[in-house]
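Student: my questions are about this predicted structure, shown below with the sequence.
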Amino acid sequence: MDRRLISFNGRIKFMIAEKEIKELVKAATKTRKNAYAPYSEFKVGAAVLSIDGRVFSGCNVENAAYSPSVCAERIAIGNAVSQGVKKFKALAVVSENQSTPCGVCRQVIFEFVKDRGFPVLLADVKGDYKVVMLGELFPSPFELK
Ligand SMILES: [Zn+2]
């Protein structure tokens, strides 16, 4: 099977099928088209893959008051959680420049994915992507215990 090996700290942590990567990036790219970003003009789409193979997506939704704005990653995760899904296998973010999730979103991803080896796909509008691990993006998350 066509699978891509993901390693973290020298160990292979996840095996993601190339098909799953393409499906996630495609869903995030499609949802990005619905982004409401009249202030930043920076459209973002995100999609999470649940462990049972379902895809949930979201786009950024800005607000004139700025602070009520919500990122694509949080909407994608909230979309999944609202459907009763809280366990994920991978997350993709699509923007013009393969941008990384903001700090707030990194904390929200960590809330549901305690594994620092969780793969985050950073894609651009051309479909090119790179894979980073949650632990690389967010080495010291806030935890109550
Ligand atoms: Zn964010």
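Tutor: Received it, and whenever you're ready, just let me know what you need.
Student: distance of the closest residue to R54 other than its chain neighbours relative to the ion?
Tutor: Computed as Cβ to Cβ, 6 or more residues apart in numbering, the closest residue to R54 that is not its neighbour in sequence is V85, at 6.6 Å. Yep, even glycine has a C-beta here, placed from its N, CA and C like the rest. Going from V85 to the ion by Cβ to the ion, to the nearest Å gives 20 Å.
Student: surely V85 touches V55?
Tutor: No. Counting by Cβ atoms under 8 Å, V85 does not reach V55; the two are 10.2 Å apart.
Student: neighbour-wise, which of those two wins?
Tutor: Counted by other Cβ atoms under 10 Å, V85 and V55 do not tie: V55 has more neighbours, with 20 against 17.
Student: who's the more buried one bridged to?
Tutor: When assigned by DSSP bridges, V55 has beta-bridge partners L49.
Student: tell me who's in contact with it.
Tutor: Neighbouring residues of V55 by Cβ atoms under 8 Å, 6 or more residues apart in numbering: E23, L24, A27, A47, V48, L49.
Student: which one of these is nearest to S40?
Tutor: The closest of the contacts of V55 to S40 turns out to be A47 (Cβ to Cβ; 20.3 Å).
Student: and whichever strand or helix holds the closest one, anywhere near the ion?
Tutor: Using DSSP states H and E, A47 falls within strand 45-50. No. Strand 45-50 lies apart from the ion when judged by Cβ under 5 Å from the ion; the minimum separation is 8.9 Å.
Student: isn't N79 right up against G58?
Tutor: Yes. Using Cβ under 8 Å, N79 is in contact with G58, at 5.5 Å.
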